[in-house]
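Chemist: this is a predicted model, with the sequence first.
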Amino acid sequence: MRALMFDSFAGPLRVETLSDPVPAPGGVVVQVGASGICRSDWHAWQGHDPDVVLPHVPGHELAGTVAAVGGGVTRWSVGDRVTVPFVNACGRCAQCAAGEHQVCARQTQPGFTHWGSLAEYVALDAADVNLVALPDGLDDTTAAALGCRYATAFRAVTQVARVRAGEWVAVHGCGGVGLSAVQIAAAAGARVVAVDVSPGALELARALGAEHAVDGAGDVPAAVVELTGGGAHVSLDALGAPVTCANSIRSLRPRGRHVQVGLLPPAQGRADVPMERVIALELGVLGSHGMAAHAYPELLGLIAAGRLDPRPLVTREIGLEQAAGALADVGREPGIAVVTRF
Ligand SMILES: [Zn+2]
Ligand SMILES: [Zn+2]
């Protein structure tokens, strides 16, 4: 198969011909139709994820067609169109038994714990637990965003923060997951303040429903508190950086909820969380880590009904040969880049 690979952290990214994966017992191999390029792939390449073993193929936001089925798989056949959450749960641990597959104790992650989907084929574990059937009306390119950023934002806004109509929601960082959160929060009836250092990202955030756009280079907490009449009810760090994490917590009103959505690998420095505000204002500090496969029907139903629309988030369709440049420049162009030609 053709695949984007690297054999040293932060080293050259090359398209190489590698051996095709074979399905594990209980797993499948998917022919990748589309694979998004996400900041998490950049972290894997930079060596911020201890799970990554060299040489490595990144990629975890995928949609495609089942090409081979391992022994013991009962729900899936060759030819089925599918996507998958980036956390592939085991289906058997205590967290999985409780339905909390996104924090499975024995999870695997394509593009992190094994080779990923910036390739013609990718192996996925525990297929009966993790695959999500794609409706005919949802193309692979749009569906690729659902495996990570859009689903992660959906769960962060609706299930972790439990955003209610009329609440103020601040979104810090308007890359793929942040823009998704803007659209989902606005659709839930919330009033959204988008924060980013890029004018292009803020313009897209406004088009997706943000009521206000704030320049991330200024005094962000002061601006959010001013615009919202005392602070946001919910604030998301959708970038994952010490400064956006602290700004998010400082943007909240009393009893507000911060949700950490962007990864914060310690290699980039730990966030300085103002715990004195957490206690004095009774703030909630929450984490959100993807979304279980069994939770996708609600999201797919809202998309099918036209209540949510991930399509405008995909701003670039590229070939595998352009993936290295897009990965190195992640965050530079607004919106989501998706590899659709392998
Ligand atoms: Zn599990
Ligand atoms: Zn991702």
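Modeler: It's in. Ligands and ions are numbered 1, 2, ... in the order given.

Chemist: list the residues that contact the most centrally placed residue in the chain.
Modeler: Most central in the chain under C-alpha atoms, centre = their mean is Arg149, positioned 2.5 Å from the mean C-alpha point. Shown in contact with Arg149 (C-beta atoms under 8 Å, 6 or more residues apart in numbering): 36, 38, 61, 176-177, 180, 313, 336. Quick note: C-beta positions are derived from backbone N, CA and C, even for glycine.

Chemist: and the pLDDT for it?
Modeler: Predicted confidence (pLDDT) for Arg149: 92.

Chemist: residues of the stretch 1-150 of the chain that sit close to ligand 2?
Modeler: 38, 40, 61, 148 (C-beta under 5 Å from the ion).

Chemist: mind running it again at 8 Å?
Modeler: 36, 38-41, 60-61, 86, 147-149 (C-beta under 8 Å from the ion).

Chemist: as a markdown table, these with secondary structure and distance to Pro221 would be great.
Modeler: Shown next, in a markdown table, are those (DSSP: H, G, I helix; E, B strand; the rest coil; distance: C-beta to C-beta, whole Å):
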| residue | secondary structure | distance to Pro221 |
| --- | --- | --- |
| Gly36 | strand | 31 |
| Cys38 | coil | 27 |
| Arg39 | helix | 23 |
| Ser40 | helix | 26 |
| Asp41 | helix | 30 |
| His60 | coil | 32 |
| Glu61 | strand | 31 |
| Phe86 | coil | 31 |
| Gly147 | helix | 33 |
| Cys148 | coil | 28 |
| Arg149 | helix | 25 |
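
Chemist: where's the residue of the chain positioned farthest from its centre relative to Pro312, distance?
Modeler: With C-alpha atoms, centre = their mean as the measure, the chain has its most outlying C-alpha, relative to the mean C-alpha position, at Ala280: 31.6 Å. Applying C-beta to C-beta, to the nearest Å, the value for Ala280 to Pro312 is 40 Å.

Chemist: helices along the stretch 151-300 of the chain, start to end?
Modeler: Here the stretch 151-300 of the chain has its helices, by DSSP state H, counting those that start in this stretch, at 176-187, 199-207, 220-227, 242-250, 275-280, 296-304.

Chemist: show me what the second one is packed against.
Modeler: Secondary-structure packing of helix 199-207 (3 or more C-beta pairs under 8 Å, 6 or more residues apart in numbering; DSSP states H and E): helix 176-187, strand 191-196, strand 212-215.

Chemist: what are the contacting residues of it?
Modeler: Here helix 199-207 has contacts from 171, 174-175, 178-179, 182, 192, 194, 196, 210, 213-215, 312, 315, 333-335, using C-beta under 8 Å, 6+ apart.

Chemist: likewise the fourth one?
Modeler: Contact partners of helix 242-250, identified using C-beta under 8 Å, 6+ apart, comprise 170, 172-173, 195, 216, 220-221, 235-238, 258, 260, 262, 264, 268-274, 277-278, 283, 285.

Chemist: my guess is Gly147 contacts Asn88. True?
Modeler: No. Using C-beta atoms under 8 Å, Gly147 is not in contact with Asn88, being 10.3 Å away.

Chemist: out of the two, which sits in the busier spot?
Modeler: Gly147 (30 against 27; other C-beta atoms under 10 Å).

Chemist: list the contacts for that one?
Modeler: 36, 60-63, 83-86.

Chemist: most neighbours of all the contacts of Arg149, which one?
Modeler: Compared across the contacts of Arg149, Glu61 has the highest neighbour count, 34 neighbours, by other C-beta under 10 Å.

Chemist: show me what the closest residue to that residue other than its chain neighbours is bridged to.
Modeler: The spatially closest residue to Glu61, leaving aside those adjacent along the chain, is Gly36, at 3.5 Å (C-beta to C-beta, 6 or more residues apart in numbering). Gly36 has these beta-bridge partners by DSSP bridges: Glu61, Val338.

Chemist: check contacts around Gly36.
Modeler: Residues near Gly36 by C-beta under 8 Å, 6+ apart: 61-62, 144-145, 147-149, 176, 314, 336-339.

Chemist: where's the dip in pLDDT among the residues you listed?
Modeler: The member of these with the lowest pLDDT is Gly147, and it reads 75.

Chemist: now the residue in the stretch 201-342 of the chain that ligand 1 sits nearest to: how far from Gln107?
Modeler: Distance from ligand 1 to each residue of the stretch 201-342 of the chain (C-beta to the ion) is smallest for Ala292, at 10.1 Å. Ala292 sits at a distance of 11 Å from Gln107 (criterion: C-beta to C-beta).

Chemist: count of residues packed around the nearest residue to Ala238 once chain neighbours are set aside?
Modeler: Nearest residue to Ala238 in three dimensions, chain neighbours excluded: Gly178, at 3.4 Å (C-beta to C-beta, 6+ apart). Gly178 is flanked by 28 other residues according to other C-beta under 10 Å.

Chemist: again, but for Gly64
Modeler: Around Gly64 there are 27 residues (other C-beta under 10 Å).

Chemist: from now on call the first residue 49
Modeler: Fine by me, first position is 49 from now on; the one you just mentioned is Gly112.

Chemist: that one should be in a helix, yeah?
Modeler: No. Counting by DSSP: H, G, I helix; E, B strand; the rest coil, Gly112 falls outside a helix, being strand.

Chemist: isn't it up against Arg129?
Modeler: Yes. With contact defined as C-beta under 8 Å, Gly112 reaches Arg129; the gap is 7.4 Å.
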